[in-house]
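1. predicted model and sequence below, questions to follow.
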Amino acid sequence: MVQSSSELLPGTLFLLILRTLASGPLHGYAIAKRIKESSKDLLSVEEGSLYPALNRMLVKGWLAAEWGVSETNRKARFYKLTPKGRKELARANSEFDRMIHGIQLVLRNA
Amino acid sequence: MTWWKKFSFLRNRGEFDADLAEEMRLHIEERSAELSRDGVEPAEALRRARAEFGSQASLGERTRDEWRLRWLEDLLSDLRYGVRSLRRSPGFLAAAVLSLALGIGVNTTLFSLTTEFLFSVPSVREGATLWSARVGGNSHIGAEQFRFLRESNLFQGVAGYREDGEINWRSNGETRSLQAFRVSDNLFDLAGIPLALGRGIQQGDEDVVVISHAMWRSKLASDTDVIGRVLELDGRPHRVVGVLPEDHRSLFGFGLSSDLYAPVRGSLYSLILVIRSADGLSQSALLERLHAAARRLDELFPDRNFKYVQNCRMDALQGLERFKGRTMMGIAAFFAMLLTVAGLLLMIACINVSNLVLARGSARVQEFAVRASLGAGRWRLVRQMLTESLLLASAGTAAGLAINFLLTRMLNRIPLDLPVQLALRMEPDWRLLAYATLLAVGCSIAVGLLPALRISRGELGVAMKSSVGGRLTLRRVLVVAQVAVSIVVLTAAVLFARNLAASAGVEPGFDLDRTMYVRVRLTPDRNQDVAKKAAYADRVQREIEALPGVRALALTLMIPMNDDATHGGSLQRDGVGERIFMRYHFNRVGPGYFATIGVPLAAGREFAAAEPADSIIVNESFARQFFGRGSPLGRTVDKRVVVGVVRDSKYAYLSDHMRPALFRPYEAEVGEGRGTAVQWMVRTHAEPAALVNAVRARLAAIDDSAAIDVRPMRSAMGMAMLPSRVGSALLGAMGALGLALTGIGVYGVLAFSIARRIREIGLRVALGAEPRSVILLVLGECASLIGVGLGVGLLIAVFITKPLAAFLVPDVSTTDPATYAAVALLLLGAGLVACIVPARRALRVDPMVALRYE
């Protein structure tokens, strides 16, 4: 299991968060949980990386945040993709594909 | 964008922290709830959730970091620190801000003056598509040619105006001349000139006027019912249809203004062309069209010696090109010189403050050493120093702008004694703000960089242990530089002061004490008719000559030192050979003119009563340049016969020196603008001032609709004296300021250096030194500072002030040793004054106190 974001490829944490939010707004804890579940517990995002990352993405304008009510009926801060964030998701996605493809080529042929 | 988000974060920091705390609490609660669902008991679940989450404080810190605008936060903290630190030394703050404020106040005021005089924007709508045009190289175009261009449809619109019109206003039994812009009836609409009251002049308007705000206020007592009021102008009733706003600036620029605007009358006039172009047409495309129009004019108005198509110009109304080919170049150079001197003055002020900062810096060495040992990097310390100097410069600039507002308000109101109306309306605008900002940044670097680098550089460990820091060398170098720069400024000031004195004493080559001028502007029904004008002139000649006290009077087209005409052209000598290019002063004068004003004849005779039209008189410079040696009498210039040669005199400016001049017999003509007037020079037996009223009364009795102006020549030198008066006033003020600032600079360094030598002086006194030798010690210190600066400065000044010769009368030379002696004396005097306080302090040193010092 990959524990910390520092062991992810650079920029991958942003990509994961963007992708997770593509299906709708979520609060911080739900994002971490969703990533964990979707990766069948292979990836887990540490709180210590999650919140700084979310805030950096807010600064960059990829995400917007607003206060709402969670499924457990508590006040929670929901993050959602902005149009700029969607564009970034598409860009990062294809960038990631190219990188994986490259890595595979190296692994196969080198 | 990003930084703006960060900036708003800076303001809502508390809210952000609360939000983040809430978010983290939710995260932990959700996690512990999840653990509970998996069967962990609640208290344990919460503990585990907390442990998994890790340090909330550290997470909060890292999350906040994402939002930080580091440079801004650092800047704010530097500023806070700087303000605190400056407030602790109010004396230093006051001295520094005052120095900079004076330097910047003078600088920005001259800047305002320059932008207003040279670059003011005329009051028009959409100035970008307005052009001023010339055909055939002439500034004005005749009425017929103007009508052709106006109807040509080559441009979106063609209008015109004449800038030197006059109109006689008769009210309460008195006639006076008003300055008037004569305009084509479409000018107001075409240029979109804004009005304060009423309307502009419209197509088909006759006998209406638009008056200036100043005329409305001062001559019509701000009459609120002024629209529709009838004024008797040039013998006809004119209706006031509009009043211009107070900030109206004429199309002509250079501050030229008038009492009123009136439509052109009759069919004899010439105008400056104003063209409105369609959007997006380039200057070259427009010039192409103008050329086409000029070629058409050449076909319609053929002239063997003149082609409209030559020297056509199309200048943007607001552009810099307006200066090309105008006499304005000299004035622009004058302003450039003033700004340069003001720049030097600011340099002196900056050196002063820089020196103060250095002095303060040596007192702050310990503070910086402590900060450095606590981990502040060198760059951080430099930045702190620069921030403080930025604070100083900003405060200085703010105070300087306040000085600017006061000075410009004052200067706007100073009336100028000139034959034309100049109205400067200096007001703060974006240009001034941009310039002031530039000065502030420049000053903060000039003031702060040297001390900052110096203080932050090494030796801090040593400094911590000792309370006396830094050597004095850099400060000495700065004071020497300051003395040198102030010598340049002072030299300019002294040169202009001598210029003023020389101008006042200058002999114009004619008699100033027994002459006066008489200027009469007749109403158009008289001045547009050559026969009536000539008859009027004859009658005046007879009746004024008969007045007791009058010795002679003679007609002249130009009043010396008030009017000027420069002709230039290729002239043929004695009807043979190559033409010779001459530039010369031109005038038409009546019989006995030279005897009347007191210019001696060198050869030949004056014009007689019925002089043939092809007779001319030239001055000696003309004769020498054109004919060389030998008598010019009887020889010809373009087939005109020289009948007399007169001695050189000044014609329009005191700087006229060996200026060639050519005179033709006076001839009544219709004339235009200022040329519509009839003018005489009068010679009196005694003081002419006593005769002014008698002459006026006599003239009023002859024609009470004429505007009469009579002045003794001695007091009518306004135009000629203006450059030297303005120059000496401005440069004198700057020189005095520079001297004072330098004195303060010398004093500062002396006081500091004496304070450092108190122990030494105490020892000397204890060992029996006389007061005399203590004073000599201080004087020696002072002399070494000023001496070196003096040497360097004088050397620079000799070279750098050479171009000033262009603004000085010929009698004042830029290399005259007397000037430099005066400058050196002034500086030595200032240095001596600067010595007084330090010397007294040195004399009062008590040996015991001094020895126990430290």
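-> Looks like it came in fine.

2. run the chain-centre distance for the longest helix along chain B.
-> Of all the elements of type helix in chain B, the one with the most residues (DSSP state H) is helix B:328-373. Distance of helix B:328-373 from the chain centroid (Cα atoms, centre = their mean, to the nearest Å) equals 23 Å.

3. all helices of the stretch 351-500 of chain B, in order?
-> Using DSSP state H, counting those that start in this stretch, the helices of the stretch 351-500 of chain B run over B:378-413, B:430-456, B:460-465, B:473-505.

4. against which helices or strands is the longest helix of chain B packed?
-> For helix B:328-373, the packing partners by 3 or more Cβ pairs under 8 Å, 6 or more residues apart in numbering or on different chains; DSSP states H and E come out as helix B:90-119, helix B:378-413, helix B:430-456, helix B:460-465, helix B:473-505, helix B:718-756. Quick note: C-beta positions are derived from backbone N, CA and C, even for glycine.

5. ok so, going back, most tightly packed of the helices of the stretch 351-500 of chain B?
-> Mean neighbour counts were compared across the helices of the stretch 351-500 of chain B using mean count of other Cβ atoms under 10 Å in any protein chain shown; the top stretch is helix B:473-505, at a mean of 22.

6. give me the distance from it to the chain's centre.
-> 20 Å.

7. what average pLDDT does the following helix or strand past it get?
-> Per DSSP states H and E, the first helix or strand lying C-terminal to helix B:473-505 is strand B:515-521. Across strand B:515-521, the average pLDDT comes to 94.

8. what lines up beside strand B:515-521 in the sheet?
-> Strand B:515-521 has the following strand partners under DSSP bridges: strand B:678-684 (antiparallel), strand B:707-712 (antiparallel).

9. mean neighbour count added to these, as JSON lines?
-> JSON lines is the format used below for these (neighbours: other Cβ atoms under 10 Å in any protein chain shown):
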{"stretch": "strand B:678-684", "mean neighbour count": "24"}
{"stretch": "strand B:707-712", "mean neighbour count": "20"}
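
10. count of residues packed around residue B:662?
-> Residue B:662 has 21 neighbours, counted by other Cβ atoms under 10 Å in any protein chain shown.

11. name the element it belongs to?
-> Here residue B:662 is assigned to strand B:661-665, by DSSP H and E.

12. follow-up on the earlier one: just want the angle from the longest helix of chain B to helix B:430-456.
-> 40 degrees (axes from the mean of the first three to the mean of the last three Cα atoms, to 10 degrees).

13. quick one, helix B:328-373 and helix B:473-505 angle?
-> Using the same axes, to 10 degrees: helix B:328-373 against helix B:473-505 is 160 degrees.

14. mind naming the longest strand for chain B?
-> As assigned by DSSP state E, the longest strand anywhere in chain B is strand B:157-171.

15. wait, what's in contact with the most centrally placed residue in chain A?
-> Most central in chain A under Cα atoms, centre = their mean is residue A:17, positioned 1.5 Å from the mean C-alpha point. By Cβ atoms under 8 Å, 6 or more residues apart in numbering or on different chains, residue A:17 lies in contact with A:31, A:35, A:50, A:53-54, A:57, A:63.

16. swap the cut-off to 7 Å and go again
-> Contacts here follow Cβ atoms under 7 Å, 6 or more residues apart in numbering or on different chains; on that basis residue A:17 touches A:31, A:53-54, A:57.

17. now residue B:793: closest residue in space that isn't a chain neighbour?
-> With sequence-adjacent residues excluded and distances taken as Cβ to Cβ, 6 or more residues apart in numbering or on different chains, residue B:793 is closest to residue B:487, at 3.0 Å.

18. is it true that the one you found touches residue B:825?
-> No. Applying Cβ atoms under 7 Å as the test, residue B:487 and residue B:825 come out as separate, 11.6 Å apart.

19. burial count for residue B:8?
-> Neighbours of residue B:8 (other Cβ under 10 Å): 10.

20. now swap in residue B:63 and tell me
-> 22.

21. check which helix or strand it maps to.
-> helix B:56-67.

22. next: residue A:89.
-> helix A:83-109.

23. can you list the buried residues in that helix?
-> Neighbour-count burial for helix A:83-109, counted by 16 or more other Cβ atoms under 10 Å in any protein chain shown, picks out A:85, A:88-89, A:92, A:96.

24. also stretch B:818-831?
-> Buried residues in stretch B:818-831, defined by neighbour count with 16+ other Cβ under 10 Å: B:819-820, B:822-824, B:826-827, B:830-831.

25. dump those into a markdown table; add pLDDT as well.
-> Converted to a markdown table, the buried residues of stretch B:818-831 look like this (pLDDT from 0 to 100):
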| residue | pLDDT |
| --- | --- |
| B:819 | 90 |
| B:820 | 91 |
| B:822 | 91 |
| B:823 | 91 |
| B:824 | 91 |
| B:826 | 90 |
| B:827 | 89 |
| B:830 | 88 |
| B:831 | 87 |
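
26. and these as TSV, adding secondary structure and distance to chain A?
-> Output for these, formatted as TSV (DSSP: H, G, I helix; E, B strand; the rest coil; distance: Cβ to the nearest Cβ, whole Å):
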residue	secondary structure	distance to chain A
B:819	helix	65
B:820	helix	65
B:822	helix	66
B:823	helix	61
B:824	helix	64
B:826	helix	62
B:827	helix	59
B:830	helix	58
B:831	helix	60
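
27. in TSV, list the helices of the stretch 351-500 of chain B along with mean pLDDT and distance to residue B:514.
-> Shown next, in TSV, are these (pLDDT from 0 to 100; distance: least, Cβ to Cβ, whole Å):
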stretch	mean pLDDT	distance to residue B:514
helix B:378-413	89	35
helix B:430-456	85	48
helix B:460-465	44	77
helix B:473-505	87	18
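
28. out of those helices, which is closest to residue B:217?
-> Closest to residue B:217 of the helices of the stretch 351-500 of chain B is helix B:378-413 (Cβ to Cβ; 13.0 Å).

29. off-centre distance for the closest one?
-> Helix B:378-413 sits 21 Å away from the centroid of its parent chain (Cα atoms, centre = their mean).

30. now that helix against helix B:90-119, angle please.
-> Going by the same axes, to 10 degrees, helix B:378-413 makes 50 degrees with helix B:90-119.

31. between helix B:378-413 and helix B:718-756, how many degrees?
-> Using the same axes, to 10 degrees: helix B:378-413 against helix B:718-756 is 150 degrees.

32. which elements pack onto helix B:378-413?
-> helix B:70-87, helix B:90-119, helix B:328-373, helix B:430-456 (3 or more Cβ pairs under 7 Å, 6 or more residues apart in numbering or on different chains; DSSP states H and E).

33. got the ones you listed as a markdown table, with distance to residue B:598 columns?
-> Formatted as a markdown table, the helices and strands packed on helix B:378-413 follow (distance: least, Cβ to Cβ, whole Å):
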| stretch | distance to residue B:598 |
| --- | --- |
| helix B:70-87 | 66 |
| helix B:90-119 | 36 |
| helix B:328-373 | 29 |
| helix B:430-456 | 48 |
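
34. quick one: closest of the ones you listed to residue B:808.
-> For the helices and strands packed on helix B:378-413, proximity to residue B:808 was assessed by Cβ to Cβ; helix B:328-373 is nearest, at 11.2 Å.

35. now do that closest one, average pLDDT.
-> The average of the pLDDT scores along helix B:328-373 is 83.

36. next: stretch B:281-297.
-> Stretch B:281-297 shows a mean pLDDT of 90.

37. off-centre distance for stretch B:646-654?
-> When distances are taken as Cα atoms, centre = their mean, stretch B:646-654 is centred 28 Å away from the chain's centroid.

38. in it, what's buried?
-> Applying a neighbour-count criterion of 16+ other Cβ under 10 Å, one finds B:646, B:648-654 buried in stretch B:646-654.
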